[in-house]
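# generate coordinates for the sequence data below:
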Amino acid sequence: MRILVIESEPRLGDRLKKGLEENGYAVDVASGDAEGRSLCAERDYALVLLDVVLPGGDGFAVLQAIRRTSKVPVLVLTARDKVEDRIKGLRQGADDYLVKPFRLPELLARVQALLQRGMPQALTTLGLADLELDLASRRCVRNRMRVELTAREFSLLTVLLHHRGQIVSRSTLADQVWNTPLESDTNVLEVAIRRLRSKIDDPFELKLLHTVRGSGYVLEDRSWS
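Below is the predicted model of the structure:
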């Protein structure tokens, strides 16, 4: 899932990006009004974290612009803790309101709640054969056994399950999991695939994660082929 952070404080923006990515989310960061609007127009996001005090603009104006074209959940981040400001944000379309300073665990809990609220029930669980991934609880099970995944492995498996039966290219995985192109001479992706395979495939007779040489990777049940 990709999240847009529109935050005027560079250090906080960097901390939010790091914290969210460590928990399996892809993150874009905008530092101002114009950049935030531009990214919202260019890409589809699962959630927007919006600072209402922005250089060269007003976060509430950005919120109004978002609401004219999208129903994406918006979590307002602000140092303003007056009741009037909260009411203003909620009336203009914010889904939640978090006052600075805040702790990352609280932010993550609110992010998960908003994403789960906006996710159709049918899409909260992905599966293939005896492999099941619960996106809401971030729980992975294979053959009724719990499989512990890192945040990166969870994101990688999510993308593969969303495209199950289809070959997913190296560039697609890099964009959706690492949020950046990977250098041609790096083996970061291959190492991640190997570690994921060791958890979801190696202990089991039925293999689901396959390498397609020169093309990418595919998650599929080949027991019927």
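# drop to CA atoms for contacts and neighbour counts, all remaining ones
OK.
# ok so E205 is a helix residue?
No. Per DSSP: H, G, I helix; E, B strand; the rest coil, E205 lies outside any helix segment and is coil.
# how much space separates it from G165?
Distance, E205 to G165, by C-alpha to C-alpha, to the nearest Å: 19 Å.
# looking at those two, which one has more neighbours?
G165 (16 against 7; other C-alpha atoms under 10 Å).
# after the lowest-mean-pLDDT helix or strand in the chain, which helix or strand is next? Please name it.
When the helices and strands of the chain are scored by mean pLDDT, DSSP states H and E, strand 57-58 comes last with a mean of 70. On the C-terminal side of strand 57-58, the nearest following helix or strand under DSSP states H and E is helix 59-69.
# tell me the buried residues in that following helix?
Neighbour counts using 16 or more other C-alpha atoms under 10 Å place 59-60, 62-63, 66-67 of helix 59-69 among the buried residues.
# sort those residues by pLDDT and name the bottom one.
Minimum pLDDT for the buried residues of helix 59-69 is recorded at G59 (79).
# enumerate every residue touching that residue.
For G59, the contact set (C-alpha atoms under 8 Å, 6 or more residues apart in numbering) comprises 33, 50-53.
# of these, which is the nearest to S137?
L50 (24.8 Å; C-alpha to C-alpha).
# tell me which element that closest one falls in.
Going by DSSP H and E, L50 is in strand 47-51.
# which residues are contacting the helix or strand just after that strand?
Next along the chain after strand 47-51, taking DSSP H and E as the criterion, comes strand 53-54. For strand 53-54, the surrounding residues in contact (C-alpha under 8 Å, 6+ apart) are 7-8, 31-33, 59, 78.
# hmm, try it at 7 Å
Outside strand 53-54, the residues that touch it by C-alpha atoms under 7 Å, 6 or more residues apart in numbering are 8, 32-33, 59.
# mind listing what the closest residue to K17 other than its chain neighbours touches?
Spatial nearest neighbour of K17, excluding adjacent residues (C-alpha to C-alpha, 6 or more residues apart in numbering): V27 at 5.9 Å. By C-alpha under 7 Å, 6+ apart, the contact list for V27 reads 2-4, 17, 21.
# give me the distance between the closest residue in space to C40 that isn't next to it in sequence and A109.
Take C40 and drop its neighbours on the chain: the residue closest to it by C-alpha to C-alpha, 6+ apart is I66, 7.3 Å away. I66 sits 23 Å away from A109, going by C-alpha to C-alpha.
# save the buried residues of helix 59-69 as TSV, and put in distance to R197 too.
Formatted as TSV, the buried residues of helix 59-69 follow (distance: C-alpha to C-alpha, whole Å):
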residue	distance to R197
G59	44
F60	45
V62	43
L63	42
I66	40
R67	41
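# closest to Q116 out of the contacts of G59?
For the contacts of G59, the residue nearest Q116 by C-alpha to C-alpha is L50; the value is 18.7 Å.
# show me what contacts the closest one?
Taking C-alpha under 7 Å, 6+ apart, one finds 5-7, 59, 74-77 in contact with L50.
# quick revisit: for the contacts of strand 53-54, give me a markdown table that also has secondary structure and distance to G93.
Shown next, in a markdown table, are the contacts of strand 53-54 (DSSP: H, G, I helix; E, B strand; the rest coil; distance: C-alpha to C-alpha, whole Å):
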| residue | secondary structure | distance to G93 |
| --- | --- | --- |
| S8 | coil | 20 |
| G32 | coil | 19 |
| D33 | helix | 17 |
| G59 | helix | 12 |
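# buried subset of those?
8, 32-33, 59.
# from those, which is closest to E42?
Ranked by distance to E42 (C-alpha to C-alpha), the buried ones among the contacts of strand 53-54 are led by D33 at 14.5 Å.
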